[in-house]
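Undergrad: quick one, what's the 3D model for this:
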Amino acid sequence: MAAVAASESACRSWSLCPEVPSATFFTALLSLLVSGPRLFLLQPPLAPSGLSLRSEALRNWQVYRLVTYIFVYENPVSLLCGAIIIWRFAGNFERTVGTVRHCFFTVIFAIFSAIIFLSFEAVSSLSKLGEVEDARGFTPVAFAMLGVNSVRSRMRRALVFGVVVPSMLVPWLLLCASWLIPQTSFLSNVCGLGIGLACILPGRQLEGGDMPKSEPSWRAAGRGGGGGGRR
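TA: All right, here's what the predicted structure looks like:
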């Protein structure tokens with residue numbers, strides 16, 4: 001009996017731990033494996049990573065950089081922020097659309113955000129507007145997921161930093177807050193958010209929204225039919 005009680009208490013304590021979906025867990029693990037050795041084993045200053053997104057990625061046929069940059073971090077603080085962002089945004093997105101779709105759209109969001117980023121970077125270099133910071137980290141994909149969520153969610157208002165704001169303003173407020181993450185490309189975040197706002201996912205409504213107050217017509221019809229049969 002004592003062993004059974006101990007096992008039940010262990011199961012309860014385990015159930016209190018936050019559940020991390022599989023694809024989200026492996027995304028965070030890959031980020032740690034790619035960036036951890038550089039950050040914790042090498043002495044600063046660190047050389048630029050060969051997996052980050054740069055303008056020569058397409059010129060040198062390094063097309064793998066269109067995806068690998070989301071696992072690259074150049075600062076321990078940005079790595080910690082990236083882990084939190086992956087757990088918060090990628091986890092919710094995976095629970096909603098499923099693991100397979102999550103992996104597919106992660107790659108799609110990363111590639112399209114990278115292509116748009118490189119296009120803006122080329123225009124900036126040709127017009128001599130200034131140097132653009134290399135894109136790195138999961139934040140562009142997270143903003144794409146956030147953009148999809150804001151478009152598809154039924155929630156009218158959301159709580160951000162203790163203030164209730166319209167849900168459509170949430171991505172833009174968080175975009176401004178992304179300035180605080182060190183060594184994060186603001187332009188790549190804007191590209192990711194634009195991809196998310198322009199993307200319309202098929203299927204059910206994303207989580208986090210309020211249920212409509214009016215009941216479905218088929219349910220009302222069923223209740224009316226059942227009530228008409230009663231005497």
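Undergrad: from residue 69, how far off is the residue minimising distance to the centre of the chain?
TA: The residue lying closest to the centre of the chain (CA atoms, centre = their mean) is residue 142, at 2.3 Å. Counting by CB to CB, to the nearest Å, the gap from residue 142 to residue 69 is 13 Å. Placement of C-beta: from N, CA and C, glycine included.
Undergrad: which strands and helices lie in contact with the longest helix anywhere in the chain?
TA: For the chain, the helix with the greatest residue count under DSSP state H is helix 99-126. Applying 3 or more CB pairs under 8 Å, 6 or more residues apart in numbering; DSSP states H and E, one finds that helix 99-126 contacts helix 22-41, helix 56-59, helix 65-68, helix 91-97, helix 139-152, helix 186-198.
Undergrad: avg pLDDT for it?
TA: Mean per-residue pLDDT for helix 99-126: 88.
Undergrad: now do the buried residues in it.
TA: By neighbour count with 16 or more other CB atoms under 10 Å, helix 99-126 contains the buried residues 101-103, 105-106, 109-110, 112-114, 116-118, 120-121.
Undergrad: now the angle from it to helix 139-152?
TA: Helix 99-126 runs at 110 degrees relative to helix 139-152, counting by axes from the mean of the first three to the mean of the last three CA atoms, to 10 degrees.
Undergrad: tell me what angle helix 99-126 forms with helix 186-198.
TA: Computed by the same axes, to 10 degrees, the angle between helix 99-126 and helix 186-198 is 130 degrees.
Undergrad: now do helix 99-126 against helix 22-41, angle only.
TA: Using the same axes, to 10 degrees: helix 99-126 against helix 22-41 is 50 degrees.
Undergrad: centre of the chain to helix 99-126, how far?
TA: Centroid separation between helix 99-126 and its chain, computed with CA atoms, centre = their mean, to the nearest Å, is 13 Å.
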